[in-house]
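> below are the sequence and a predicted model; questions follow.
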Amino acid sequence: MISVDEALDIVLSRIEHIGTERVRLDQARGRVLAENVCADIDLPPFDRARMDGYAMRSEDASVAPIRLRAVGEIAAGARMTERLESGEAVKIFTGAPIPAGADAVQKVEVTESDGETVLIKEAVRPGQFITPRASEVAAGETVARRGREIGPAEMAVLASFGYAEVQVARKPRAAVLSTGSELVEVSTKPVEAQIRNSNSYTISAYAERAGAAVTNLGTVKDSFTDTRNALVEASRSRDLVITSGGVSMGDYDLVKAALEDLGAEIFFDRVSIRPGKPTVFARLDSTFFFGLPGNPVSTSVTFNVFARPALRKMQGDDDPLLPTVRAALARPIKDASGRRSYLPARLFIEDGRAGAEPLKWVGSSDLVAFMRANALIVVPEETHDISEGEMVEVFALTRF
C-alpha cells in the first residue's frame, strides 16, 4: 500500500497533455487555454473619462470656483475632433475619449451649467478622473497564459482582444462504468438486495465538470467475462475509463483481475487513504483506467483526489489539483485510521475567517451526508485528534 502523495505523483507523472483544437469563442467557456493570449490593442485605446462631467485644462480650474465656456459634449463612442482651448470645457460621459488639449475631468455633481457656460465649483488637478491610454494593458502584452481555464472573466478578455477563435485543449474522452450484480437502473425500484446505480451519474458529473467528454456506459454484472469485455469496449477510442466497484479483495471484485488478463500495466491498487483504500490506476495501450471503490463517498473522494487531477493534466491545466485552504475547525475530530483521511465538511467564511465544520456521516455509503459537503477536511496519517479551533487543511470540492 502506497501513500496518497506517492499515488498522486504516479498519476501526474504518467498522464500527458492529449492535444489541442481550435474553437469559436462561444464554445470556449470551461476549456483550458492552449495558447498565450496577447493584447492586440492598448486598453484603454485612448485616454478615457472615468466620470460623467466636464473635461478641461487643469490649469484653467486649479482654483475654484471658476466659470468656463461650454463647447458641446462627447458621448461614449463619439470623439471631439477640435482641440479644447484655454477657458473651454466640454461635457463628457463615462467611457468617452478625452479631447486633445484637456487633461482633467470634473464630475458633474460639482458643476453647474446654464447651457453656454459651466461653473466648476471644485478645483481639479492634472489627470483627475482620467484613465490613461494603455494603463490597463499595452498592445503586445500577454494577458492570459496557456494552461488557464476559460471562465466568464477570461471570455471578456478574449473578446476584447479579438479572439473570435481560440486554441484550447482537446476534451479528454472518458467512459464511466459501474460494476455489481446488485445494481439496477434509476428508473427501477430496488427489491431485496438491489440498489440503484448512482455512481455512474456522480462520476459522469464530476468528469464533465473537470472538462471531459463523458460516455456513461451504465452497469456490468459481476462476471469475469462480462467485466473483461466491458473494459475492452469502454477503452475503444477513449483517453480514460473510470469504473466504480469491483476493486476490493472479494471473490466478485474483478476489475483488477480483468485488467491484468488484458495485459494492462497496474501502477497501484491500494492507497493509504480513507475512504477509498482499494483504488486502482492502470494503463492498457494508450488508455488509462481508474478503478474506484463502489461506496458512493469513497467514489467521490478518490475521483477528486486522483481522477480529477488526471483529467486536468490531460488538458494542460497548470494547476490540476483542486484548491486547498487553511480553515479553523468548528468541531473536534478523532481519527484512528492511520491513513490520510478526507472527511466531508462544510467550508464557510465567518467574520472574515475561513472555518470548516465536519459533517456527521455514518460511513462511506452515506451519500446524503456527502451531498451537503462542499469540502473535505484533510487529516494527516499521523494525526489522531484535532481540537476545535485548530487550523486544518481543507480540500475544496467547488470553487469557493
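Yep, that arrived. Residues are numbered from 1 along each chain as shown.
> domain ranges for the chain?
Using automatic domain parsing, the domain ranges for the chain come out as 4-18+171-314, 22-42+145-169, 48-131, 324-396.
> and L84, what's its pLDDT?
In the predicted model, L84 carries a pLDDT score of 97.
> so where do the strands sit in the stretch 251-400 of the chain?
Taking DSSP state E, counting those that start in this stretch as the criterion, the stretch 251-400 of the chain carries its strands at 265-268, 273-274, 280-284, 287-292, 324-329, 333-334, 340-350, 353-358, 375-379, 385-386, 391-396.
> JSON lines for those, including mean neighbour count?
The C-beta positions use only the backbone N, C-alpha and C, and glycine is treated the same way. What follows is the strands of the stretch 251-400 of the chain, written out as JSON lines (neighbours: other C-beta atoms under 10 Å):
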{"stretch": "strand 265-268", "mean neighbour count": "15"}
{"stretch": "strand 273-274", "mean neighbour count": "23"}
{"stretch": "strand 280-284", "mean neighbour count": "21"}
{"stretch": "strand 287-292", "mean neighbour count": "26"}
{"stretch": "strand 324-329", "mean neighbour count": "16"}
{"stretch": "strand 333-334", "mean neighbour count": "14"}
{"stretch": "strand 340-350", "mean neighbour count": "19"}
{"stretch": "strand 353-358", "mean neighbour count": "18"}
{"stretch": "strand 375-379", "mean neighbour count": "24"}
{"stretch": "strand 385-386", "mean neighbour count": "15"}
{"stretch": "strand 391-396", "mean neighbour count": "19"}
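> as TSV, those strands with distance to L33 would be great.
Listed next are these as TSV, based on distance: least, C-beta to C-beta, whole Å:
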stretch	distance to L33
strand 265-268	29
strand 273-274	32
strand 280-284	27
strand 287-292	23
strand 324-329	23
strand 333-334	39
strand 340-350	28
strand 353-358	29
strand 375-379	27
strand 385-386	39
strand 391-396	22
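> for those strands, give me a markdown table that also has mean pLDDT and distance to G19.
Conversion of those to a markdown table gives the following (pLDDT from 0 to 100; distance: least, C-beta to C-beta, whole Å):
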| stretch | mean pLDDT | distance to G19 |
| --- | --- | --- |
| strand 265-268 | 97 | 22 |
| strand 273-274 | 94 | 31 |
| strand 280-284 | 97 | 18 |
| strand 287-292 | 97 | 15 |
| strand 324-329 | 95 | 29 |
| strand 333-334 | 91 | 43 |
| strand 340-350 | 93 | 32 |
| strand 353-358 | 94 | 38 |
| strand 375-379 | 95 | 32 |
| strand 385-386 | 93 | 44 |
| strand 391-396 | 94 | 29 |
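> sorry, back to before: could you dump the domains of the chain to a markdown table with distance to A139?
A markdown table is the format used below for the domains of the chain (distance: least, C-beta to C-beta, whole Å):
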| stretch | distance to A139 |
| --- | --- |
| domain 4-18+171-314 | 30 |
| domain 22-42+145-169 | 5 |
| domain 48-131 | 16 |
| domain 324-396 | 37 |
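> right, and the ones you listed - which one's nearest V137?
Among those, domain 22-42+145-169 comes nearest to V137, with 4.6 Å by C-beta to C-beta.
> that closest one - what's its average pLDDT?
For domain 22-42+145-169, the per-residue pLDDT values average out at 97.
> if you drop the residues flanking it in sequence, what lies closest to the residue lying farthest from the centre of the chain?
The outermost residue of the chain relative to its centre, with distances by C-alpha atoms, centre = their mean, is E116 at 54.5 Å. With C-beta to C-beta, 6 or more residues apart in numbering as the criterion, E116 has its nearest non-adjacent residue at 6.0 Å, and that residue is A70.
> fine by me, we can end here.
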